[in-house]
Every structure is written in C-alpha cells, then in structure tokens.
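Visitor: sequence unknown, structure follows:
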C-alpha cells in the first residue's frame, strides 16, 4: 500500500538511522510523506558539461573527467588539511579542492570517472581550481544521467545514478546534519519504493481537466525533473507537476475546512433567535444614524444566520471606523429581545471598557442590563455579578478573557461576539463558545484580511465585509518626514493644539527591547513637555496600573490633556473625536497593518486630520515601501494586501496564535489562483457528497497530523 510506504518513519529508510532521523524530525520531517512533500528550495542545471579548457574564473560549471591523482595536502595552518584531486578531460586539467574533508581520501581515488559541479576560482600560482565542489563518482561512463529522462527512471540502483551532477539537480534546505546531497539520496530511495497504483487525494476528473499527472509521477518530476524542463519554471514553482502538488496541498486543507463547515451545519443550537416587527422596531430605536449599505448587508447576513437552527460561525471584517460595533450591537439586541444572553469579548481592558461605555450609552433607557467583567472589577462587584449572570438577569456582558474563567456561567448564552479576533488564541475562542449550548459566534476584526489569507485562516466561516466609511468621515492626510525635520512637526503640533485640537505622539514598543523602549518613550514624554510647557502632556503605556491608564485616558478624552505620548496601547479602543494629529515616532519600526490601526485613532470627528510618519535614517527598502503605502492609500484592504506581500502570511498578524496553517507546498502569494480553485472544488464536492470514503479518511488523517488543534470559533 502507498499509505504504508508514505507513513513509514524516516529512520527506516536506508542510510537514515536514528541520528539523521532526529535531525529530520527537528525540521518537521517524520515520515516518508513529510520528506516527499518537502520540495527543493531551488534547482540547478548541472546537465551541460563544460570542457575544462573553456572554464573561466567566476563561472559555476559542471565538468566530467578522470581523476589523475588525489590525496591530502598539509597546510601551514595547524589542524587544517586540504583534500585535492587533479581531474582531466580531453581538453585539459583542473584541480578540485575540498577544505577540511579528510574522509574523501577513502572516497575519491585515482582512475575514477568523476563529475564535478562548483565555482571556478584562481588560486595563486596553481591557476584555476574548483573549490569545494559537489561531486559524483560515475561507475559506468556509458550509463548517462541515470535518473530518468522522464522525471526519473523510477527504479534501479541509486548508487549508480547521478543524483548530484549531470542533470537538473534539486537543492534542499539543510536539516541539521542532513545535507542536501543526503536528502537527494533519501528522496530517490523513497520515490523508488512508491507503488504505481498508490492513493491520490485529488479527484481524477480534476487531473484530467487540468492535464496534470498523477501523484507519483508529479512527485518524481518535482524532485528529479527531466532534462527538457525549464529551470526558470522550476524555480518559479510553475511547472504542471509542481502546480498539481500545490493544488493538492490546498485541496486537502480546504476539504478539511469544508467538512467541518458541513459538520457544523449538522449541529443544532438550543437557542434559535426569531425576528418580527417588534424586534425590528427595538433595533431601529437604538440607531444613532442611518446604516451604510455595507452595514445593512452585513447585519442582514448575521441576523439570517441567527435564525438558522445550526450555530453561526461568521467573520465580520471592516476597516478602522467602518461601524462594526453598531452592527454587532444590533445583532445583540435581536438575541436579547428573544430573551437570550450575549457575551462580548475584547482583548484588552481599555477596549472592553470602550465597548461597555458605547453600548451603555446606545442602550440608555432600554430594558437591558449590561455588565462589565474584566480583571479590574472588584471582588465585591464580582460576587454580585456572577450569580446575576448565572440567573440570566444580566442580558449582555462585556469583558476580557475574564469571561472564559471557569466560574463564569450563563443561563441562556445565545450569541458570542469576539472583537479583534486575531488577538485571541483558538482555544480562548472555543472556551467562550462552550459557555453556551452551541451559541452563534460572530468574530470581528479591524485588520482587513486579504482573501487568500481569509480562505485559510477562516475557511470554515462565512465572511461579511463592511466596505466604505460612515457618512461624514473625512480622509486622513498622511505625511512622511525625516527625523531631521522634527521642528516642522513640532510647529504642526503647536498650531493644532492652538486651534483647540489634541495630538497623539506614538512611540514604538517592541517586545524584545521593551525596557529600552519604555525608557525612550518616557524620555520622549519629558522632551515634549519641555518643548510645549504651555500644554498639558501625559504618558500612557501598557505597564501602567489600570487606574493610572484609566485616569490618563479620561483626562485626554475630556480635553484636560492636549498631547498624549503613548505606546501602541492606543492601537485599539481609544476613541477621541477631538484628536486630529498623530505623530508616529520611528515609523520605520512598525508593521504596515499596525501603522494603519494607529492612524485609525484619528479622523473620528468632524475636523480634518493628519498623520505624520517620522523616520530615522538609515531605513530599509521594506520600511520605505511600508511608509509609502501608508501615504498612498487609506484603504485598509489595499494595505492588508501590501502587508501580506511584504511580511508573508506567517507574520501577518504578528502571532501564530491566529491559526494560519503550516501548508506544505502552497504559497499564498504565489499560488492564490490555485487556492481559490481548491476552495471552490472542496466546498462543491463536500456539499454534493461526491468524495470517496478513502479521500475523506485521508483528509482527516492529514488534519490530525498536520494541523492539530487548529479550529475557528
């Protein structure tokens, strides 16, 4: 069985053994399948042999010849030895030199036929030499390249095959003591053991439609391509066999998500919301303004989900200030009007308190009881609050992770709203949902997620997007200035405050150098105070006690402070409409999405706002591109796509906790078209029930091995 070979532990491959298996395991390679799906990081064409007489310094070349003599040479450096071999073809001779590889004396010997691949250099009076080349001893000169001209002859003695030279050669990333040469041998051996009729997780009709090879042929061609294959296409990972394997990676993952989505649809929730004219009128009564088209569409989708018998799993995306909170509140009213409870979880105390104040103000005069549950709630308040939640007397609870503590119990939890969802781990989200009997789950993010990333991180969820901004919002002007022009920035700050406005000065706080950064932020606050003695200035950072933070924010929000020097603690949850200028110090140190989130703290009132990005030279090309992107657009979705290109999916949220999968071959930026197709194919086949039992079993086994606890909601 192919599965038997693919799931075989690597230590049982010939030549691997326990020590090399341990190195491979550290690289995430445990089984033969893991090894075969670890593709080369690049390919080199070593098939075109150069005549020795044609070699020139600086060339990287492959040559074939006979070893005239070989041996160890002593050097002046103590303990340092060179192994050298003089190699001759019909046009001339060249010296090959391997530093500190004395073991080669038992490998390379006179009269052997050898193929070398390496860089040609000039070495003193000895003339040209190839230093530390890769090599292959050819036992039979007439054998040819050995590995098949059709992507591997798929059999034969690997010892007689030219794996490392004389062909297009795969170059793998080193895994501890396992060199790229060793990996070639192990991959060749593993491929040779695969049966011809092995299982293929990609449906046959897709392979036929795309003219893609089967799994075994694709693996051979991806590791040991034929001589006719374009090296440029190989290195771009764009050959049909490579594309087929990328599609397989995406298809298996998306099928797993589609199966979970299908299974979720079979689950029944105990609390189903109904909507009638009375409830619609109650929701309309709290609206402070007319909803935008994007808000109306998102709300309609959410409320439709709430009326289904299966639990909602929906992501609500919207740019900073797009009005997600009011949509979530209206959905909460629907649940509360049905007699149910709502839990509203935020990642920080500041954001939770901000939501609490907003909700209490919006529901003023309405018959709903709203409570706040965070780490700062006093023990006495908590003693009264928890029993009231358990009895169902509290309709809506806003809180932080305090909501998921074991002693917090709900009577009728029907809706969980989770804000800034990427800041929570998957276990935390699931724990909150477990407080009810399969409640509806609505997760929100103000960090727009590019579609390719959303299809992986949120592929088993429905997605609603609020595009555009509420009426009356003015665009924010963004300026890039060098630190040497600080005086101009200070003049802008003075003018803005004199007009009755307020200013943020943001200082970076990087976890690795937090203490140093805090000192620098404190020094910045002191400097601003000296520069503007006529204005009230304060410092805000995450290390301050809760009461201190609350006091500073209250003073800023009420207008008692004109300038707030802060770390990224203000990234979310701080809403001061009178703040119209933000100066971001060391802007080159921030990620693009974080810069966009920070900028979103201004422009929330009726006055024009400006964001100044102050950078210190020298700055990297990436930093220059990030700041230019900020100046070019205020569209968070455009910025998110650029950020994904710059940072890659693993670092997009700044945390792996978000559940971004570790795909084996697929690249979200390079292979976005294949991801879209895999998403559509997987959903269609799961919903139609056309997958075979073997395909479903394989998908489930891969999910168990590869993705573990990854879940959503």
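Guide: That came through fine. Just so it is clear, the structure is predicted and the values come from calculations on it, not from any experiment.

Visitor: so what does the longest strand seen in the chain touch, helix or strand wise?
Guide: Criterion DSSP state E: the longest strand present in the chain is strand 60-74. With contacts taken as 3 or more C-beta pairs under 8 Å, 6 or more residues apart in numbering; DSSP states H and E, strand 60-74 sits against strand 81-88, strand 93-99, strand 113-122, strand 128-138. Every residue, glycine included, has its C-beta placed from N, CA and C.

Visitor: now that strand against strand 81-88, angle please.
Guide: Orientation note: strand 60-74 sits at an angle of 130 degrees relative to strand 81-88 (axes from the mean of the first three to the mean of the last three C-alpha atoms, to 10 degrees).

Visitor: Would you mark the buried spots in strand 60-74?
Guide: 61-67, 70 (16 or more other C-beta atoms under 10 Å).

Visitor: any chance of those in JSON lines, plus pLDDT and distance to residue 625?
Guide: Listed next are the buried residues of strand 60-74 as JSON lines, based on pLDDT from 0 to 100; distance: C-beta to C-beta, whole Å:
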{"residue": "61", "pLDDT": "86", "distance to residue 625": "37"}
{"residue": "62", "pLDDT": "85", "distance to residue 625": "38"}
{"residue": "63", "pLDDT": "88", "distance to residue 625": "42"}
{"residue": "64", "pLDDT": "86", "distance to residue 625": "46"}
{"residue": "65", "pLDDT": "92", "distance to residue 625": "48"}
{"residue": "66", "pLDDT": "94", "distance to residue 625": "53"}
{"residue": "67", "pLDDT": "95", "distance to residue 625": "51"}
{"residue": "70", "pLDDT": "92", "distance to residue 625": "51"}
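
Visitor: who touches the longest strand of the chain?
Guide: 46-52, 55, 81-89, 93-94, 102, 104-105, 108-120, 130, 138, 165-166 (C-beta atoms under 8 Å, 6 or more residues apart in numbering).

Visitor: From these, keep the buried residues only.
Guide: Buried among the contacts of strand 60-74 by 16+ other C-beta under 10 Å: 46, 49-50, 52, 55, 82-87, 89, 94, 104, 108, 112-118, 120, 130, 138, 165-166.

Visitor: Isn't residue 216 up against residue 199?
Guide: No. In terms of C-beta atoms under 8 Å, residue 216 does not count as a neighbour of residue 199; the distance is 10.1 Å.

Visitor: mean confidence for stretch 309-319?
Guide: With pLDDT averaged residue by residue, stretch 309-319 scores 89.

Visitor: ditto for stretch 175-194
Guide: Here the average pLDDT along stretch 175-194 is 89.

Visitor: And for stretch 281-300?
Guide: Mean per-residue pLDDT for stretch 281-300: 88.

Visitor: Stretch 692-699 now?
Guide: 90.

Visitor: Let me know the helix or strand that residue 195 is in.
Guide: Using DSSP states H and E, residue 195 sits in no helix or strand.

Visitor: So it is in contact with residue 5, correct?
Guide: Yes. Between residue 195 and residue 5 there is a contact at 7.3 Å, judged by C-beta under 8 Å.

Visitor: quick one: which of these two has more around it?
Guide: residue 5 (17 against 11; other C-beta atoms under 10 Å).

Visitor: show me what contacts that one?
Guide: 32, 190, 193-195, 198.

Visitor: which one of residue 216 and residue 199 has more residues nearby?
Guide: Ranked by neighbour count (other C-beta under 10 Å), residue 216 and residue 199 place residue 216 first, with 19 against 15.

Visitor: doesn't the more buried one fall inside a helix?
Guide: Yes. Assessed by DSSP: H, G, I helix; E, B strand; the rest coil, residue 216 belongs to a helix.

Visitor: Mind putting the buried residues of strand 60-74 into CSV with distance to residue 527?
Guide: What follows is the buried residues of strand 60-74, written out as CSV (distance: C-beta to C-beta, whole Å):
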residue, distance to residue 527
61, 60
62, 62
63, 65
64, 69
65, 70
66, 74
67, 71
70, 69
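
Visitor: Quick check: chain neighbours aside, which residue is closest to residue 506?
Guide: residue 584 (4.7 Å; C-beta to C-beta, 6 or more residues apart in numbering).

Visitor: The one you found touches residue 524, doesn't it?
Guide: No. Using C-beta under 8 Å, residue 584 is not in contact with residue 524; the gap is 11.7 Å.

Visitor: sorry, back to before: got JSON lines for the contacts of residue 5, with distance to residue 271 too?
Guide: Below are the contacts of residue 5 laid out as JSON lines (distance: C-beta to C-beta, whole Å):
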{"residue": "32", "distance to residue 271": "48"}
{"residue": "190", "distance to residue 271": "52"}
{"residue": "193", "distance to residue 271": "54"}
{"residue": "194", "distance to residue 271": "51"}
{"residue": "195", "distance to residue 271": "52"}
{"residue": "198", "distance to residue 271": "48"}
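
Visitor: quick check, nearest of these to residue 639?
Guide: Nearest to residue 639 out of these is residue 32 (C-beta to C-beta; 42.4 Å).

Visitor: Let me know whether the closest one touches residue 10 as I believe.
Guide: Yes. Applying C-beta under 8 Å, one finds residue 32 in contact with residue 10, separated by 6.5 Å.

Visitor: thinking again about what came up before, hey, least reliable of the helices and strands packed on strand 60-74 by pLDDT?
Guide: Mean pLDDT is lowest for strand 128-138 among those, at a mean of 85.

Visitor: strand partners of that one, parallel vs antiparallel please.
Guide: As defined by DSSP bridges, the strand partners of strand 128-138 come to strand 93-99 (parallel), strand 113-122 (antiparallel).

Visitor: Enumerate the positions of that strand that are buried.
Guide: 128-130, 133-136, 138.

Visitor: Stretch 522-537 too?
Guide: By 16+ other C-beta under 10 Å, the buried positions in stretch 522-537 come out as 524-525, 528-529, 532, 535-537.

Visitor: Scan this protein for its longest helix.
Guide: When the chain is parsed with DSSP state H, its longest helix is helix 240-266.

Visitor: Cheers, nothing more for now.
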